[in-house]
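Chemist: Got a predicted model here, sequence first, then my questions.
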Amino acid sequence: MKKLIILFILASVTTLKAQYVVNYKKVADTYFQSKDYYAAATFYKKALKISSDSTQIILPYGKEKKLNSDDKLIEDYEGSLYNLAESSRMYREYAEAEKYYAVASTFSNPKYKRASFYYGESLRANKKFTEAITAFEQFIQKNKTDELVKMANLEILSCKFAIKEMRYPRLVQLKKIPSNVNGLGSNYAPVVSGNNFYFTSSRPVSVSGKPDVITTVKGETQISTKANPYINNIYLAKNGLQEQEVAVKLIDLDLPKDMEYAALSFNNEGTTAYFTAWKDKSKYEIYSVSKVDDKWTKPQSLGLQINSKDFNSAQPFVTADGKFLIFSSDRAGGYGNYDLWYTAIRADGSFGQPVNLGAEINTDADEKAPYYNIQTKKLIFSTDGRVGFGGLDFFESEGDLVNWSTPKNMGYPFNSSKDDIYFTAINADGSKGYISSDRESSCCLEVFEVKREYISIAGIVADCKTKKPLNNASVTMFDQEIERHVLTDETGKYEFKMDSRRPVKLNMTKENYFALSKSYTYEEIAKADTLMYVDYCINSFKINVPIVLDNIYYEFNSAELTESSKKVLDALVIIMDDNPEMEIELGAHTDDIGTDAYNLDLSDRRAKSCVDYLISKNISVGRLTSKGYGETMPIAPNKFKKGKDNPEGRAKNRRTEFKVTKK
């Protein structure tokens with residue numbers, strides 16, 4: 001086995017024998033089995049003698065085979081360390097999980113084969129995307145038939161996406177709200193109703209009841225533990241979130257004391273609220289309460305249309321018009337684990353048959369925490385089933401509950417390498433609001449104020465000759481991720497809103513006009529504040545109507561292009577690049593000095609010289625033809641009527657033209 005340096009103290013098997021505390025392990029195992037991962041991690045560290053100042057040390061065994069008497073000790077050590085890594089991951093302490101998975105991934109016992117996958121997941125959560133890719137690739141190579149291989153491939157794509165996306169952050173401002181709201185435990189699912197700010201928190205509360213006692217071997221010290229004080233409840237924040245001190249009050253919804261509840265959603269009037277409730281980590285159900293005389297009625301389950309003992313329903317969102325309830329559920333008929341569903345809210349408060357939002361929204365993983373803006377028709381939700389930053393990411397889709405656009409990742413820093421969930425807007429267009437994220441926490445969700453900003457790219461498209469604005473010109477913007485199209489109005493105006501300063505390319509087209517493309521770098525866009533205003537003009541053409549290329553010259557009595565002529569042809573290269581389907585003919589003409597045969601040959605060679613130059617600039621030969629016309633098509637007299645030479649006329653006749661033969 002390869003010798004590894006790890007980040008905690010384990011001196012040797014002999015030392016482990018002397019220091020291993022059996023009853024600590026039993027306590028840890030009990031907590032682990034009951035899914036209390038924070039407590040489990042605490043006692044696994046005690047059992048393994050891992051302290052906060054642990055430093056580099058060697059694994060307690062190497063290549064050589066250990067004595068049989070050590071087998072049980074190694075088995076206990078590996079099991080405890082792996083469970084410690086699992087516990088750290090499950091309560092989102094990824095910095096700790098990374099350390100322990102790094103060691104567990106070296107274990108030869110096949111029951112720990114997934115350690116390398118979770119090692120990659122921890123690295124990704126800690127923004128170590130390149131190292132995470134390596135870990136996932138190693139997992140795939142060693143475990144080709146494991147069901148996590150599909151997710152490992154998705155994680156690799158997500159890490160590559162994150163590396164690219166973080167180069168050009170979105171125009172998003174994020175600010176963590178006061179500590180009175182972001183207290184101990186998780187704080188999430190913010191929502192505003194009227195002047196009130198509600199949120200869910202698992203902050204500690206006093207609990208009653210007998211302590212749990214771990215049964216131990218006779219002669220060992222018994223260890224008792226208190227019940228978990230981290231209970232999910234809904235709280236109300238007073239005094240305004242901008243003030244230094246925010247008063248926080250627990251909302252009593254008159255539920256049984258052994259139930260937890262979370263994630264409020266109000267109708268537009270604030271008279272009815274929906275929320276998730278559950279007991280002892282059993283089935284999640286959606287409840288509602290109504291406000292009568294400024295007091296909440298007793299909570300009622302939404303009934304069998306929404307809830308069932310056979311599946312979970314959670315995270316309700318009621319649309320602002322009060323007509324629909326959107327929620328997350330793992331009920332039958334979906335596409336994966338948790339899907340998003342919607343149901344009509346009837347006039348009497350009852351519900352219609354739930355309908356799945358469809359394959360455009362839902363994946364074979366989890367879709368959670370919907371927010372739908374009926375004005376913009378945009379749905380924001382969280383999922384871990386698409387390429388993103390890893391964990392739960394916010395995605396946005398536009399639709400009408402039946403038809404949806406392909407969801408777009410909302411980018412960095414709206415999303416992070418950890419979990420991002422529960423968006424709520426506080427203005428009409430959804431540009432301001434709140435989110436929950438554990439991006440700055442070692443374990444738990446916190447509430448952030450978020451503001452989406454934009455930069456506009458706008459201008460006028462006109463005809464290059466007439467200088468008049470062009471109506472119905474098509475302008476397309478590409479920003480490395482998507483493309484968007486607009487048509488100019490009668491003033492020739494176009495405008496796009498961008499949510500990042502990533503490089504962009506604009507393409508302008510109109511029937512019987514040459515398309516024009518312009519690219520802008522990050523640095524050019526970054527110079528703009530909120531508006532980048534650029535006007536353009538495009539040139540018209542007609543099929544098979546020649547266009548003179550001014551200032552095309554050749555060496556005397558030669559077909560060789562001058563350097564200044566090559567610069568003129570470079571402009572034609574740009575036109576060809578901007579119009580990739582276009583085919584042209586290059587035609588050359590002479591005056592009448594010399595014989596007809598000589599002039600025809602010279603013009604043919606000169607036209608071919610132009611074609612050869614364009615080919616050298618990577619224009620496909622199939623798009624180009626050349627033709628010499630000699631002196632047969634003058635556009636001005638070579639001589640005046642009395643036979644006097646006309647130098648200006650001859651100069652016009654010694655020309656090079658191109659004409660579009662196919663658009």
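Modeler: Cool, got the structure. Numbers count the residues shown, from 1 in each chain.
Chemist: ok, residue 395 touching residue 410?
Modeler: Yes: shown here, residue 395 and residue 410 form a contact pair, counting by Cβ atoms under 8 Å, at 6.6 Å. Placement of C-beta: from N, CA and C, glycine included.
Chemist: where do the contact lists of the two overlap?
Modeler: residue 380 (Cβ atoms under 8 Å, 6 or more residues apart in numbering).
Chemist: which regions of the stretch 501-650 of the chain sit below the pLDDT cut-off?
Modeler: 555-556 (pLDDT under 70).
Chemist: one more time with 90
Modeler: For the stretch 501-650 of the chain, applying pLDDT under 90 flags the ranges 501-502, 521-532, 550-564, 591-594, 640-645, 647-650.
Chemist: Okay, strands next: where are they in it?
Modeler: With DSSP state E, counting those that start in this stretch as the criterion, the stretch 501-650 of the chain has strands at 504-509, 516-520, 531-533, 536-538, 547-548, 583-588, 624-628.
Chemist: Between these, which one is closest to residue 168.
Modeler: strand 504-509 (10.5 Å; Cβ to Cβ).
Chemist: hmm, what's the outermost residue in this protein?
Modeler: Residue farthest from the centre of the chain, counting by Cα atoms, centre = their mean, is residue 642 at 77.4 Å.
Chemist: Phi and psi next, for that residue.
Modeler: Main-chain dihedrals, residue 642, degrees, to the nearest 10: phi -90, psi 10.
Chemist: what do you get for residue 349?
Modeler: phi 90, psi -10.
Chemist: so what's it scoring on pLDDT?
Modeler: For residue 349, the pLDDT comes out at 87.
Chemist: Number of residues surrounding it?
Modeler: Residues lying near residue 349 (other Cβ atoms under 10 Å) number 11.
Chemist: what's it in contact with, if anything?
Modeler: residue 272.
Chemist: what's the residue closest to the geometric middle of this structure?
Modeler: residue 409 (3.0 Å).
Chemist: For residue 340, what are phi and psi?
Modeler: Dihedral angles for residue 340 - degrees, to the nearest 10 - are phi -90, psi 130.
Chemist: In this structure it contacts residue 325, no?
Modeler: No: taking contacts as Cβ under 8 Å, residue 340 lies outside contact range of residue 325: 11.2 Å.
Chemist: where do the contact lists of these two overlap?
Modeler: Between them, residue 340 and residue 325 share no contacting residue under Cβ under 8 Å, 6+ apart.
Chemist: Let's see the pLDDT reported for residue 223.
Modeler: Looking at residue 223, its pLDDT reads 50.
Chemist: Next: residue 450.
Modeler: pLDDT at residue 450 comes out at 97.
Chemist: ok, now the one 3 residues further on?
Modeler: At residue 453 the predicted local confidence, pLDDT, stands at 93.
Chemist: who's in contact with it?
Modeler: Counting by Cβ under 8 Å, 6+ apart, residue 453 has contacts 171-173, 431, 499, 530.
Chemist: ok, which pair from those residues is furthest apart?
Modeler: 172 and 530 (14.5 Å).
Chemist: which of these two has more neighbours?
Modeler: Legend: neighbour count by other Cβ under 10 Å for residue 172 and residue 530, higher for residue 172 (19 against 10).
Chemist: quick one: that one and residue 451 touch, right?
Modeler: Yes: the criterion here is Cβ under 8 Å, and residue 172 meets it with residue 451 at 7.0 Å.
Chemist: Helices of the stretch 51-200 of the chain, start to end?
Modeler: With DSSP state H, counting those that start in this stretch as the criterion, the stretch 51-200 of the chain has helices at 71-90, 94-104, 115-125, 129-142, 149-165.
Chemist: And the third one, what does it pack against?
Modeler: Put plainly, it is helix 115-125. Judged by 3 or more Cβ pairs under 8 Å, 6 or more residues apart in numbering; DSSP states H and E, helix 115-125 is in contact with helix 71-90, helix 94-104, helix 129-142, helix 149-165.
Chemist: Alpha carbons of the first one, as PDB, please.
Modeler: Okay, so that is helix 71-90. In PDB, the C-alpha atoms belonging to helix 71-90 read as follows (Å, rounded to 0.1, in the frame of the first residue of the first chain):
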ATOM      1  CA  ASP A  71      -7.100  -7.700  12.400                       C
ATOM      2  CA  LYS A  72     -10.000  -6.700  14.700                       C
ATOM      3  CA  LEU A  73      -8.200  -3.500  15.700                       C
ATOM      4  CA  ILE A  74      -7.700  -2.500  12.100                       C
ATOM      5  CA  GLU A  75     -11.300  -3.400  11.200                       C
ATOM      6  CA  ASP A  76     -12.600  -1.200  14.000                       C
ATOM      7  CA  TYR A  77     -10.200   1.600  13.000                       C
ATOM      8  CA  GLU A  78     -11.200   1.500   9.400                       C
ATOM      9  CA  GLY A  79     -14.900   1.300  10.200                       C
ATOM     10  CA  SER A  80     -14.700   4.200  12.700                       C
ATOM     11  CA  LEU A  81     -12.700   6.400  10.300                       C
ATOM     12  CA  TYR A  82     -15.000   5.700   7.400                       C
ATOM     13  CA  ASN A  83     -18.100   6.500   9.500                       C
ATOM     14  CA  LEU A  84     -16.300   9.700  10.800                       C
ATOM     15  CA  ALA A  85     -15.900  10.700   7.100                       C
ATOM     16  CA  GLU A  86     -19.500   9.800   6.400                       C
ATOM     17  CA  SER A  87     -20.800  11.800   9.400                       C
ATOM     18  CA  SER A  88     -18.700  14.800   8.500                       C
ATOM     19  CA  ARG A  89     -20.100  14.700   5.000                       C
ATOM     20  CA  MET A  90     -23.700  14.200   6.100                       C
END
